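**Q** let's see this in three dimensions:
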Amino acid sequence: MPPRPRFDRRAPVRELPNINDRINYPKLRVVDADGTQLGVIQREEALEVAKERELDLVLVSEKADPPVCRIMDYGKFKFEQEKKAKEAKKKSHQTEVKEVKMRYKIDQHDYDVRIGHAIRFLKAGDKVKCTVIFRGREIQHTSLAETLLRRMAKDLEEQAEVQQAPKREGRNMIMFLTPRKTPLIKKEQKDSPPVRTVRTISTRPRAAASKVVSRTNNREN
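**A** Model (predicted):
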């Protein structure tokens, strides 16, 4: 019987960044913090320049000949890189397919609950698979199930577009909805003519002015 593997209690080896004294190449092509090329210089001289500027010497291209280093604030650079990575992770949403199941005899309360679930999934950027389940002889009423799915698509038209129309699949009828990318323009909004603003000019100031003129004429007379 082979011996049981022993549990390794050692901490995992962390890859340390190639900065400052960890850079072991004798000659380096160095770029200053402002982008100025300092040329190919000795490692000790590059470290001295970085020390004078109170910055770090960071290896940015190890495969170049000679390797390329840059003088920078490595702590600030690392913080900005981590911040960019977090923002990119937030933006890259993995689209999932969420399923909403129901029977074609569903009552209004349960139907509203399914609509609420679908809206939440769509707002999260996920696709929704609407499934009507048949049991026993209910398979004969596929038209009622299709009517229910089309009603759901109509109720969700502001949030979703129909990716796949109602279709029978085994003992189920399914429909796929995807989040709407463009705002929905309803027919009444599309057909209605644009509203034109009408500028009105008040005649009261002129009337008041005529009264003042008449008063002055009476005084002169």
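**Q** in the protein, which ranges drop under the pLDDT threshold?
**A** 1-16, 92-93, 185-221 (pLDDT under 70).
**Q** mind giving me the domain split of it?
**A** What automatic domain parsing lists as the domains of the chain is 20-74, 97-183.
**Q** take those and write them to JSON lines, including mean neighbour count.
**A** All C-beta spots, glycine's among them, are computed from the backbone N, C-alpha and C. Shown next, in JSON lines, are the domains of the chain (neighbours: other CB atoms under 10 Å):
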{"stretch": "domain 20-74", "mean neighbour count": "15"}
{"stretch": "domain 97-183", "mean neighbour count": "15"}
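**Q** can you lay out those domains as a markdown table showing distance to K90?
**A** Listed next are the domains of the chain as a markdown table, based on distance: least, CB to CB, whole Å:
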| stretch | distance to K90 |
| --- | --- |
| domain 20-74 | 25 |
| domain 97-183 | 12 |
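**Q** so which helix or strand takes in the nearest residue to A33 once chain neighbours are set aside?
**A** Here the nearest residue to A33 in space, its sequence neighbours aside, is I71; by CB to CB, 6 or more residues apart in numbering that works out to 4.9 Å. I71 is located in strand 68-72, with elements delineated by DSSP states H and E.
**Q** same check on A165?
**A** Using DSSP H and E, A165 sits in strand 160-169.
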